[in-house]
Structures are given as structure tokens and as C-alpha cells.
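[1] please work out how this folds:
(one chain, ligands or ions: 2)
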Amino acid sequence: MERVNVLDFTTGKLELTTSVQERYLSDLIDYFAFKNEAEMILREKNPLIYKVYEMAYSGPGALSYAITEIEPGKVGNEYYFTKGHFHSKAAAEVYIVLSGEGILMMENRSGNTRTLNMFKGAVLYVDPEYAHRSINTGNEKLVFLAVYQSDAGHDYESIKERGFSYIVVDEEGPKIVKNPRSTKK
Ligand code: S6P
Ligand code: ZN
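    Ligands and ions are numbered 1, 2, ... in the order given. A predicted model of the protein is given here:
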């Protein structure tokens, strides 16, 4: 018998991974809408924003999967999030939310925006043509499993340069507002 990978539903930990990535505030300084607030925090500390446990496979037709854990928190009143990316080729993916609460922000290259609620048990389809960012709007970690084509490729530069058109801020609860740093009209 071969060893089977096991997901701990309580902690979101995968037993077997090929890589673990940690993203700190300093890695996301070009992504948060309120850069001054981010710089103020960075003078004192560099908090962990999210972690990705990946199990990658290669070869024709291969799929990979990853668990993402986003910490609760805000920069200014903008909730913590993942960088967000387009896939380099048209490739969809599926997210299954294991715990926490959030919003999946999706935007295509024409600027059309779609948002989906993230909550325990939510099964979300990420459209191939849409950049996607997960945002933790709750007080606990937001944990989800993503399954995607191994050769999908990740284009982070477009998002870094122009930003998403909308961000999610805390205004007595999560509110979707125009991104003041978006370079798109
Ligand atoms: C991969 C999938 C997720 C993200 C992860 C971190 O296609 O969408 O596993 O990689 O949530 O987000 P990001 O934007 O830093 O890759
Ligand atoms: Zn993706």
C-alpha cells in the first residue's frame, strides 16, 4: 500500500507537502491599498499574513493541490488577503473552504468583477480567465483547499502593477469598495 496524504480538518494541516510558503507583510507591501499604514506596522513588526502548504505533481495532465491559511487581521481597515494572481494559461480551479469566513474576489482582464462568499463547506469554482484573491473577513483563520492544473502558471505581476478594482474593508463589517490604488479606470 502506498502512503495516503491526510488532511486534518481541524487545523487544515496536510501530512505530506512538497513546499510550504509563508507570506509576511513585507512581501505584500505593494499589494495593500493603504501603504502608509503598512509601513507604520512594519516599523514595529512584520506579521505573518498567510501560509500555503502545497502538494505539487508534474507531468501531462497533472493536478496539484494546496491548503491556504490566511491569518485574521487588517492593514488600516483593509482585511488581510492573498496576493492574487491570474493563471498564465486558461485553467480553472476549485476551492473548498474548511474553516473561517471571507470573500473570494475575482476579476478578469476587462475589469469584470465577481465575488463569492467563503465559509466552512463552501465549494467555489474559480473561472479560468479571472484573477483571484482570497480575503479573510473573520476573526479566525480562513482555511481552504485549492485544486488546480499543475501547469496553470501564476501571473502575479499584473495584479501587483494595477491592483484589483475592488478591495474589502471593515466599515462596521466587511464592505466591498473601489480600490484607491487601482490604476485601472
Ligand atoms: C493556486 C491557488 C491557491 C493560491 C494561494 C495563495 O492556483 O489559487 O493555492 O496560490 O491561495 O495565493 P497567491 O495569490 O499568493 O498564490
Ligand atoms: Zn490560482
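[2] checking residue 4 next. Helix, strand or coil?
    Using DSSP: H, G, I helix; E, B strand; the rest coil, the structure places residue 4 in coil.
[3] please state the backbone phi and psi of the closest residue to residue 9 other than its chain neighbours?
    Of all residues not flanking residue 9 in the chain, residue 98 sits nearest, at 6.2 Å (CB to CB, 6 or more residues apart in numbering). Backbone N, C-alpha and C define where each C-beta goes, glycine included. In terms of degrees, to the nearest 10, the main-chain angles of residue 98 are phi -100, psi -40.
[4] so where's the longest helix in the chain?
    Criterion DSSP state H: the longest helix present in the chain is helix 35-44.
[5] what's the first helix or strand after it?
    Proceeding N to C from helix 35-44, the next assigned helix or strand is strand 48-55, under DSSP states H and E.
[6] surely residue 65 and residue 144 touch.
    No: contact criterion CB atoms under 8 Å: residue 65 and residue 144 do not qualify, at 10.8 Å.
[7] for the chain, which residues are neighbours of ligand 1?
    Within the chain, the positions near ligand 1 by CB under 6 Å from any ligand atom are 52, 66, 68, 82-85, 93, 132, 134, 146, 148, 152, 154.
[8] most surrounded residue in those?
    Among the residues of the chain next to ligand 1, the one with the most neighbours (other CB atoms under 10 Å) is residue 134, at 26 neighbours.
[9] between residue 65 and residue 144, tell me which one has more neighbours.
    Per other CB under 10 Å, whichever of residue 65 and residue 144 has more neighbours is residue 144, with 24 against 21.
[10] tell me the bridge partners for the more buried one.
    Listed by DSSP bridges, the beta-bridge partners for residue 144 are residue 68, residue 97.
[11] ok, it touching residue 67?
    Yes: under the criterion of CB under 8 Å, residue 144 makes contact with residue 67 at 7.3 Å.
[12] which neighbours do the two have in common?
    Jointly contacting residue 144 and residue 67 under the rule CB atoms under 8 Å, 6 or more residues apart in numbering are residue 98.
[13] tell me who's in contact with the nearest residue to residue 120 once chain neighbours are set aside.
    Among residues not flanking residue 120 along the chain, residue 99 sits closest, at 5.4 Å (CB to CB, 6+ apart). Residues near residue 99 by CB under 8 Å, 6+ apart: 12, 120, 140-143.
[14] please consider this matter closed, and thank you.
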